[in-house]
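K.L.:
Provided below for reference: sequence and predicted model.
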Amino acid sequence: MNAIFFDMDGTLIDSRADLAAAVNFTRAQLGFAPIPQEEAVSHVGRGARHLLENAIPEAAGRFDEIWPLYSEQYRAHMLDSTQLYPGVRRALDELRDRGWLLGVNTNKPAFATRAILEHFGIARHFGAAVVAGGDCEEMKPSAAPLRLCASRMRGHRLSSHDWMVGDNWTDMDCAFNAGIKAAFCTFGFGRLNDSRYTVKINRLDELLRICKAED
């Protein structure tokens, strides 16, 4: 069987408003002015520490202090505005029916990743094959969390027929570091930079056509 691994923020879910709101709540608690949503989410994709250190540079070196403020706020409000992107349910349902192994490989904190998957009723597609921030010693763009995720798919071994799907350069580099294909989501809010990719997609269910030849 072949496998497809998905990022979360900007790939399966549009979480921009809730992420930015939690950042600005934390900034307010520390006495700092809010920043635009676009600026806040531009730092998403490399884990919570990177997000907070770059979205709240005034509090550099105070991560252990600001993490509880941010995480408690985000835990309470991470589903206020967050939605699945168009085509996500169809893509996951049909890919599973066609025999693909599905996993989640994200730098998003584990508590939020699992809660959001359950909330939208799509956790069943992935089972144990979910690797989030804190589950692995390394994060994307390292291939280590991708390999860990594959090992949770009945011991699946990565091959050149597998895919990593995401909206950020970290996803693309992770795929190429692992020797698999990469689908870049143009609808997300990450940054491609100069990273390589195999295909670009404008909706997640475009994968159904792209992957058909390998069913």
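P.N.:
Received, thanks.
K.L.:
backbone phi and psi for Ile201, please?
P.N.:
The phi/psi pair for Ile201 (degrees, to the nearest 10) reads phi -130, psi 150.
K.L.:
Would you check how far apart it and Lys181 are?
P.N.:
For Ile201, the distance to Lys181 (C-beta to C-beta, to the nearest Å) stands at 12 Å. Every residue, glycine included, has its C-beta placed from N, CA and C.
K.L.:
how about the strands in the chain?
P.N.:
Assigned by DSSP state E, the strands in the chain fall at 3-6, 13-14, 83-84, 101-109, 130-133, 163-166, 181-185, 199-201.
K.L.:
Pairing partners for the fourth one, with directions?
P.N.:
Within its sheet, and counting by DSSP bridges, strand 101-109 is paired with strand 3-6 (parallel), strand 130-133 (parallel).
K.L.:
okay, those in TSV with distance to Gly87 and mean neighbour count next?
P.N.:
Below are these laid out as TSV (distance: least, C-beta to C-beta, whole Å; neighbours: other C-beta atoms under 10 Å):
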stretch	distance to Gly87	mean neighbour count
strand 3-6	12	25
strand 130-133	21	24
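K.L.:
Adding mean pLDDT and distance to Leu30 as columns, could you present those strands in JSON lines?
P.N.:
Formatted as JSON lines, those follow (pLDDT from 0 to 100; distance: least, C-beta to C-beta, whole Å):
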{"stretch": "strand 3-6", "mean pLDDT": "98", "distance to Leu30": "33"}
{"stretch": "strand 130-133", "mean pLDDT": "97", "distance to Leu30": "22"}
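K.L.:
What sits closest to Ala22 if chain neighbours are left out?
P.N.:
Distance criterion C-beta to C-beta, 6 or more residues apart in numbering; nearest residue to Ala22, sequence neighbours excluded, is Tyr74 at 4.0 Å.
K.L.:
contacting residues around the one you found?
P.N.:
For Tyr74, the contact set (C-beta atoms under 8 Å, 6 or more residues apart in numbering) comprises Asp18, Leu19, Ala22, Ala112.
K.L.:
ok, so what distance separates the third one from Pro109?
P.N.:
From Ala22 over to Pro109 the distance is 11 Å, taken as C-beta to C-beta.
K.L.:
circling back to that earlier point, export the strands of the chain as a markdown table, with columns for distance to His43.
P.N.:
Output for the strands of the chain, formatted as a markdown table (distance: least, C-beta to C-beta, whole Å):
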| stretch | distance to His43 |
| --- | --- |
| strand 3-6 | 21 |
| strand 13-14 | 17 |
| strand 83-84 | 21 |
| strand 101-109 | 11 |
| strand 130-133 | 14 |
| strand 163-166 | 16 |
| strand 181-185 | 18 |
| strand 199-201 | 23 |
